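Chemist: need a structure here:
(3 chains)
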Amino acid sequence: METAGSRKELIGTAALDTIGMVIAGIDETLLENMHVDKKYRALGILTSRCGAAGQFLALDDAVKMTNTEVVTIELPLDAKTWGGHGSYAVIGADSVEDCTNAIQIALRLTDKYVGEVYMSDSGHLEFCYSASAGKVLEQAVGAELGRAYGFMTGSPAGIGLVMADNALKASPVDLIWEMSPQYGTTHYSNEVMISFKGDAGNVWEALMAGRATGLDLLKSMGNEVVSATEPYYDDL
Amino acid sequence: METAGSRKELIGTAALDTIGMVIAGIDETLLENMHVDKKYRALGILTSRCGAAGQFLALDDAVKMTNTEVVTIELPLDAKTWGGHGSYAVIGADSVEDCTNAIQIALRLTDKYVGEVYMSDSGHLEFCYSASAGKVLEQAVGAELGRAYGFMTGSPAGIGLVMADNALKASPVDLIWEMSPQYGTTHYSNEVMISFKGDAGNVWEALMAGRATGLDLLKSMGNEVVSATEPYYDDL
Amino acid sequence: METAGSRKELIGTAALDTIGMVIAGIDETLLENMHVDKKYRALGILTSRCGAAGQFLALDDAVKMTNTEVVTIELPLDAKTWGGHGSYAVIGADSVEDCTNAIQIALRLTDKYVGEVYMSDSGHLEFCYSASAGKVLEQAVGAELGRAYGFMTGSPAGIGLVMADNALKASPVDLIWEMSPQYGTTHYSNEVMISFKGDAGNVWEALMAGRATGLDLLKSMGNEVVSATEPYYDDL
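Modeler: As a prediction, the model looks like this:
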C-alpha cells in the first residue's frame, strides 16, 4: 500500500472532511454510467462529509476563474451526527491543469466559506451569499446567473422556518424556493431552507436577519454553537 | 446578536432536542410556498432532532385542548447517531395566544411521552399509545379519530419486525400499516414500524407485548438501553 | 421483563451491530403487509445498524448452504455516524431449523466479511468479492448467478469515483452499475458504488486496485482508518 498523500489523484483536503481530487482520462464505461454527454479529458472532484453551501460557493468561484465546466452536483444525506448533508461535485475540462487549478482554488475557498456553517449538538445552521452567482450555484440551487444570491438553512427544521420568516420580512428579495423535510428536498434532511435573489444590498440584509435569528434560536437550545472554521460575514 | 432566549418567537425547549416557537403574521410569500390554503394569523412550531411519536402524541393532546389546527407534519431523517427520524410539525390559529398555549402544552407533554423512546449504541425503540386519537395522529400516522391507537418501532429494522409479530399475536387489533426501510417509509430509516387500532384494552396489550420483545432484543445486543427521559408506561 | 438473551427469537449477534433472529409461524396479517406471496412457516432475519455488503455476502453463502429462500433485502440509511447504510434481510423456509442454521452461518461469516469495511472519522470504504454469486447477491445488487462478482463503495462519494476509475482501468471486467448520491441509490448515502462481474481473476484484480486507491485516499484525509474486525483479503 502506498503511503498517505502519494496517490496521484489527490489535490488536497479542507475543513468539514472535504477532499479534492483530479482524474486524468477517466474510464469510458464509467463516464457513460455517469450520464455525461461530453467526453472530458479530465475531471475534478470536490466531495465532503459535511456541508454543501460553502463548498458549492467555493466551487462556483473556482469555475468562474478557470476553464472548467460543471459535470454533476449532488447532495448526499450525511453530515456525520448532524441532520444535514454532505456534497459531491464533479467538474470537467480538456486539461488536467485546468481541473487541478479549479480544485485547488475551491479547497482554499472552502476553508473560508464554511466559516458560516454553525453546529451544536442540537442542530446546525448554514449561510451562503454570492454577489454574482455562477454556473455551480445556478445548477445546484437555482440561482440566477450574474445576480446576487442568498441561501440559508436551519436545523431542527422549525428553526429554519423562523429564520426564513425573519429574513423575508427584513428586506424585499425574491424567494426562489423554500424546502422542508418532505417538500422539495430529495433526502429528507432535518432542515427548512430558502434560496432568494435580488439587489445585492437587499439579499445581504435578508441573510443577516435570518442569521441573527438562527444563531439566537440554536443557542437557546442549550448547547454551545461553533463555526466550522471562522465566521467571516462579521468582517465584511 | 441578542442573548440566548431573548428571541421573541421562542416558547421553550424539551427533551430530545425539541424546540417550540410561535410566528405572528408569517410572511405571505413564505406561507404560499408551504402549500397552505388558509391564511393563519399565527403559526406554532414543534420541531426536534430526535423522536417523532412522542412529540406528535404531545401535539395531538395540545391541539385537542386548544383552538388550533394542523398545518404540516413532516418526518426528517436525522436522530443524531440513531437510525430514526426527527420531527417537524406546524400548527395554525387565528391568535398568537392559542398557538402559544398549544406549544407550551406540547413541550410539557413531550418530556413525558418521549420517556417511551429507548436508545442504545446498537439501536432504538419507540412506543406510543393514545386512548382516543386526535387530528395530529390522524394526519401523521393514519390513526382513526376518537379510537384507541398504538404505534411501535424498532431499530435495527429486524428487531421491529419481531416486535410487530409478538404484538399482533398477543391481542386482536387492526393493523393500519407496516413499514420497513424500503417500503412505506419515505426516508429509509433503519426501522420496521407498525400502527394499529382497536379496543383500548387490546391496543394496550399489543403494545406491551411488543415493548417487552423490543427491550429484550435491544438489550441482547450488548449495549446499555436507556429511556430518553423516564419510562412511564410501567406506572399506568 | 425477561433477562437479556432469553428471548426465544434471538439467534445471536455479530460485528457492526448485527443481530440474527428467527420467527416461527409469523402473524398472517403482518406477512401479507410485507408483500410476500408465499406462506413461509419460518422466517430468518439478519439486520444491522452498519454495513450491508459484508452481511449480504454472508447471507448469500448461508442461503446456498441451507434450504432457505430470500424474502426481502433492504437498505436503510443509517450507519451511525457514517454516511452509508445498514441492512435488513429476511429469509424464509418451511422449518425453523433451516432458518436457524442459515442465520447462524450468516452471523459467523458476517464477523469475517465485514473485516473489509474500513472506517475513519472522515469516511468509510467497503469491499465485497464472491467467486460465485448466489441468490442474495442477485437480488440485493444485481449479481449474475454463479459468476464472479465484485462490489466497492467509498465515502465521501468522490473517493468512490476515483476508486471505481482505478478498478475499471486495472482489469477487464463488466460494470453492472455505478451509483452516486442522487443517481441509482434510493437513499442518498454519501457514496459512489460500483458492482462488476467477469472472470474471477479479473474481478479480484479490479477489486484490489480500487481497494488500494480507497485506502490511500481515506488515509490522506488525516484520520485513522480501521477495519470493522480484521482485514482478510490480504491473506487470500
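Chemist: ok, A:Lys112 - contacts?
Modeler: In this structure, A:Lys112 makes contact with A:58, A:229, A:232, judged by Cβ atoms under 8 Å, 6 or more residues apart in numbering or on different chains. Just so you know, the C-beta spots here come from the backbone N, C-alpha and C atoms, and that holds for glycine as well.
Chemist: count of neighbours near the second one?
Modeler: When neighbours are counted by other Cβ atoms under 10 Å in any protein chain shown, A:Thr229 registers 18.
Chemist: Report how many residues lie close to A:Lys38.
Modeler: A:Lys38 is flanked by 9 other residues according to other Cβ under 10 Å.
Chemist: Now it: closest residue in space, sequence neighbours ignored.
Modeler: By the measure of Cβ to Cβ, 6 or more residues apart in numbering or on different chains, the closest residue to A:Lys38 outside its immediate chain neighbours is A:Gly92, 6.7 Å from it.
Chemist: same deal with A:Asp27?
Modeler: Nearest residue to A:Asp27, sequence neighbours excluded (Cβ to Cβ, 6+ apart): C:Leu168, at 4.2 Å.
Chemist: what do you get for A:Glu144?
Modeler: Among residues not flanking A:Glu144 along the chain, A:Lys197 sits closest, at 5.2 Å (Cβ to Cβ, 6+ apart).
Chemist: Beta-bridge partners for the one you found, please?
Modeler: Following DSSP bridges, A:Lys197 is listed with bridge partners A:Tyr149, A:Asp174.
Chemist: So for it, what pLDDT did the model give?
Modeler: According to the predicted model, the pLDDT of A:Lys197 comes to 97.
Chemist: Quick check: it touching A:Leu145?
Modeler: No. The pair A:Lys197 and A:Leu145 fails to qualify as a contact (Cβ atoms under 8 Å) at a distance of 10.4 Å.
Chemist: Of those two, which one has the most company?
Modeler: Higher neighbour count among A:Lys197 and A:Leu145: A:Lys197, with 20 against 11, using other Cβ under 10 Å.
Chemist: Tell me which residues touch that one, please.
Modeler: Residues A:133, A:143-144, A:147-150, A:173-174, A:176, A:203 are the ones in contact with A:Lys197 under the rule Cβ under 8 Å, 6+ apart.
Chemist: Excluding sequence neighbours, find me the nearest residue to the residue sitting nearest the centre point of chain A.
Modeler: The structure's chain A has its C-alpha centroid closest to A:Ala53; by Cα atoms, centre = their mean the separation is 1.9 Å. Across the structure, with Cβ to Cβ, 6+ apart as the measure, the residue nearest A:Ala53 apart from its sequence neighbours is A:Cys128 (3.9 Å).
Chemist: again with A:Tyr183
Modeler: In space, and not counting its chain neighbours, A:Tyr183 is closest to B:His35: 6.8 Å by Cβ to Cβ, 6+ apart.
Chemist: before we move on, what about A:Gly142?
Modeler: Distances taken as Cβ to Cβ, 6+ apart place A:Ile176 nearest to A:Gly142, at 5.2 Å, with adjacent residues excluded.
Chemist: what helix or strand is that neighbour on?
Modeler: Taking DSSP states H and E as the definition, A:Ile176 sits inside strand A:174-179.
Chemist: Return the set of buried residues in that strand.
Modeler: Burial within strand A:174-179, assessed by neighbour count using 16 or more other Cβ atoms under 10 Å in any protein chain shown, is assigned to A:175-176, A:178-179.
Chemist: Out of those residues, which is nearest to chain B?
Modeler: Proximity to chain B was ranked across the buried residues of strand A:174-179 by Cβ to the nearest Cβ; first place goes to A:Glu178, at 4.0 Å.
Chemist: so that closest one bridges to which residues?
Modeler: Checking A:Glu178 by DSSP bridges, which sets the bridge assignment, gives partners A:Ile194.
Chemist: what about the residue in chain A that chain C sits nearest to, how many neighbours?
Modeler: Closest approach of chain A to chain C (Cβ to the nearest Cβ) occurs at A:Thr47, with a separation of 2.8 Å. Each residue near A:Thr47 was counted by other Cβ under 10 Å, and the total is 30.
Chemist: A:Gly198 too?
Modeler: A:Gly198 has 21 neighbours, counted by other Cβ under 10 Å.
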